[in-house]
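Asker: Coordinates only, no sequence provided:
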């Protein structure tokens, strides 16, 4: 005899089948019932899914370029003898040849008669670029009379409201009056001093070049 029973346990259903086997004992006419029970075991499988998240970091680099605007020298005056305002910038000292005088703005004759003059539009003392200064050799104060006696390493000192700036002489040359390259501006910190050459003549110019050291 077969009997099937169904049991529901949540998500697992068990089916139990009971088989009854009847044996007849001929000797005793006794019926013995033997029951066999089969059990179905439910196995639950759990699957675990692991999710890996990858984060990509992006770094942005910004490059900054700095552009320096150099001074622009004014052209030589069309009328060198014309008057111009008197503007004091500070003092110019050259210990090796005994120079210490007021530095004025301008290169016209009226200004150079007062002492050394700063070429308008060129760098100011201590600033980036080329500080250009002109001076007489034989007239008036004769500020640059002995400019040709300077040697490499001699100091040229400017004192202005901006501070005290010392330049060391690096070179000297005799140039023509049309050699305006001596007033050109570069990113370096330099100064150029010049005067007529030879003394008493305007045929050439004697120029000295120096670099800022402190």
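Answerer: On my side now, so go ahead. Small disclaimer: the values here were computed from a predicted structure and weren't measured. Numbering: from 1, shown residues only.
Asker: what about the helices in the chain?
Answerer: 109-112 (DSSP state H).
Asker: just for it, where's the confidence low?
Answerer: Low-confidence segments of the chain (pLDDT under 70): 1-66.
Asker: mind giving me the domain split of this structure?
Answerer: The chain breaks down into these domains under automatic domain parsing: 2-38, 88-212.
Asker: can you pull the contacts of residue 127?
Answerer: By Cβ atoms under 8 Å, 6 or more residues apart in numbering, the contact list for residue 127 reads 71, 162, 189. (Glycine included, C-beta is placed from N, CA and C.)
Asker: Would you format the domains of the chain as a markdown table with distance to residue 80 included?
Answerer: Shown next, in a markdown table, are these (distance: least, Cβ to Cβ, whole Å):
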| stretch | distance to residue 80 |
| --- | --- |
| domain 2-38 | 111 |
| domain 88-212 | 6 |
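Asker: out of those domains, deepest packed?
Answerer: domain 88-212 (a mean of 18; mean count of other Cβ atoms under 10 Å).
Asker: quick one: residue 172 and residue 150 touch, right?
Answerer: Yes: Residue 172 lies in contact with residue 150 (Cβ atoms under 8 Å); the separation is 6.6 Å.
Asker: Next, show the common contact partners of those two.
Answerer: residue 208.
Asker: in the chain, which spans are strands?
Answerer: Here the chain has its strands, by DSSP state E, at 2-9, 12-25, 30-38, 88-94, 99-105, 117-118, 129-134, 155-160, 163-175, 189-197, 204-212.
Asker: got the end-to-end distance for stretch 119-126?
Answerer: 15 Å (Cα to Cα, to the nearest Å).
Asker: Redo the contacts of residue 127 as a markdown table? Include distance to residue 207.
Answerer: Listed next are these as a markdown table, based on distance: Cβ to Cβ, whole Å:
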| residue | distance to residue 207 |
| --- | --- |
| 71 | 18 |
| 162 | 24 |
| 189 | 17 |
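Asker: what's the neighbour count on residue 78?
Answerer: Each residue near residue 78 was counted by other Cβ atoms under 10 Å, and the total is 6.
Asker: Relative to residue 124, how far out is it?
Answerer: 24 Å (Cβ to Cβ, to the nearest Å).
Asker: do residue 194 as well
Answerer: Taken as Cβ to Cβ, the span from residue 194 to residue 124 is 18 Å.
Asker: what's the answer for residue 201, then?
Answerer: 31 Å.
Asker: Tell me what the nearest residue to residue 197 once chain neighbours are set aside is bridged to.
Answerer: Among residues not flanking residue 197 along the chain, residue 206 sits closest, at 3.8 Å (Cβ to Cβ, 6 or more residues apart in numbering). Judged by DSSP bridges, the bridge partners of residue 206 are residue 174, residue 195.
Asker: Name all residues that make contact with residue 206.
Answerer: 137, 144, 147, 148, 172, 173, 174, 194, 195, 196, 197.
Asker: Closest to residue 86 out of those residues?
Answerer: Lowest distance from residue 86 to the contacts of residue 206 (Cβ to Cβ) belongs to residue 144, with 19.8 Å.
Asker: you'd agree that closest one is up against residue 199?
Answerer: No: between residue 144 and residue 199 no contact is recorded; they are 9.4 Å apart, counting by Cβ under 8 Å.
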